[in-house]
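Novice: sequence-free structure coming up:
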């Protein structure tokens with residue numbers, strides 16, 4: 001039962017705000033700027049410490065993240081998996097990021113390590129001038145937990161001028177080359193995505209790929225109502241089952 005209105009944090013060493021374990025949290029109109037120093041260096045980091053922590057009814061409304069050295073908003077669920085079942089309920093509406101390394105990042109959900117269910121929703125997020133990705137899923141497993149990203153817009157990402165298909169992707173669902181994980185990835189719905197980035201800045205508009213030699217399939221990814229995409233930056237999905 002926590003309500004926070006118009007929280008502002010500038011030049012924090014680690015996070016603008018960390019959410020670790022909570023039941024019923026509402027945050028309205030926060031601004032998290034210039035987070036830097038110690039990883040993850042996010043504007044907002046939703047990251048439990050242990051399996052018995054809770055992420056129950058979290059609502060973040062109209063957050064702004066600017067120039068964070070990590071993600072504008074990061075969701076990291078590795079420590080939540082375990083013997084106890086967990087139900088996740090997160091909705092983030094109207095997020096605007098400008099100039100962070102990644103605007104929105106989902107990291108490290110292993111569905112084989114424990115039973116997590118529920119829904120994470122991002123409603124109308126906007127990424128502007130991200131140094132790398134606008135929206136990134138890294139090692140995000142296919143389990144009972146579902147993610148919905150509705151009406152996302154990515155504008156002028158890859159300001160670091162990377163030539164990598166993964167690092168330059170406006171929208172990325174991937175497993176990195178050196179990863180040892182083998183669990184299936186997926187469980188993601190992206191609806192009405194819009195990418196407004198010059199063809200010269202990106203290799204592909206949406207990249208869904210396991211870059212390891214094993215190339216475990218990415219399954220149960222749905223992209224609906226494709227919005228505007230750069231005509232010279234096709235989707236790249238060599239080992240993904242995408243609807």
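Specialist: Yep, that arrived. Bear in mind the structure is a predicted one, so any value in this text is a computation, not a measurement.

Novice: Am I right that residue 116 is in contact with residue 109?
Specialist: Yes - under the criterion of Cβ atoms under 8 Å, residue 116 lies in contact with residue 109, with a separation of 7.1 Å. Placement of C-beta: from N, CA and C, glycine included.

Novice: Who has more neighbours out of these two?
Specialist: Summary of the neighbour comparison: residue 116 and residue 109, criterion other Cβ atoms under 10 Å, with residue 109 having more neighbours (27 against 23).

Novice: Now the residue nearest the centre of the chain, what are its backbone angles?
Specialist: In the chain, the C-alpha nearest the mean C-alpha coordinate belongs to residue 105, at 2.6 Å (Cα atoms, centre = their mean). The phi and psi torsions at residue 105 (degrees, to the nearest 10) take the values phi -140, psi 130.

Novice: Equivalent analysis for residue 157, please.
Specialist: phi -80, psi 180.

Novice: Equivalent analysis for the one 5 residues further on, please.
Specialist: The phi and psi values for residue 162, taken as degrees, to the nearest 10, are phi -70, psi 150.

Novice: Hmm, residue 111 and residue 146 touching each other?
Specialist: No - if you go by Cβ under 8 Å, residue 146 and residue 111 don't touch, sitting 11.4 Å apart.

Novice: With neighbour numbers in mind, choose between these two.
Specialist: For residue 146 and residue 111, the more surrounded residue by other Cβ under 10 Å is residue 111, and the numbers stand at 21 against 17.

Novice: Output the below-cut-off pLDDT ranges for the protein.
Specialist: Low-confidence regions of the chain, defined by pLDDT under 70, are absent; no residue qualifies.

Novice: Would you mind grabbing the residues shared as contacts by residue 116 and residue 109?
Specialist: Between them, residue 116 and residue 109 share the neighbouring residues 77, 81, 143, 145, with contact defined by Cβ atoms under 8 Å, 6 or more residues apart in numbering.

Novice: Neighbour-wise, give me the winner out of those.
Specialist: residue 77 (26 neighbours).

Novice: For that one, which non-adjacent residue is spatially closest?
Specialist: Spatial nearest neighbour of residue 77, excluding adjacent residues (Cβ to Cβ, 6 or more residues apart in numbering): residue 109 at 4.6 Å.

Novice: residues contacting the one you found?
Specialist: With contact set as Cβ under 8 Å, 6+ apart, residue 109 has these partners: 77, 78, 81, 116, 139, 140, 141, 143, 145.
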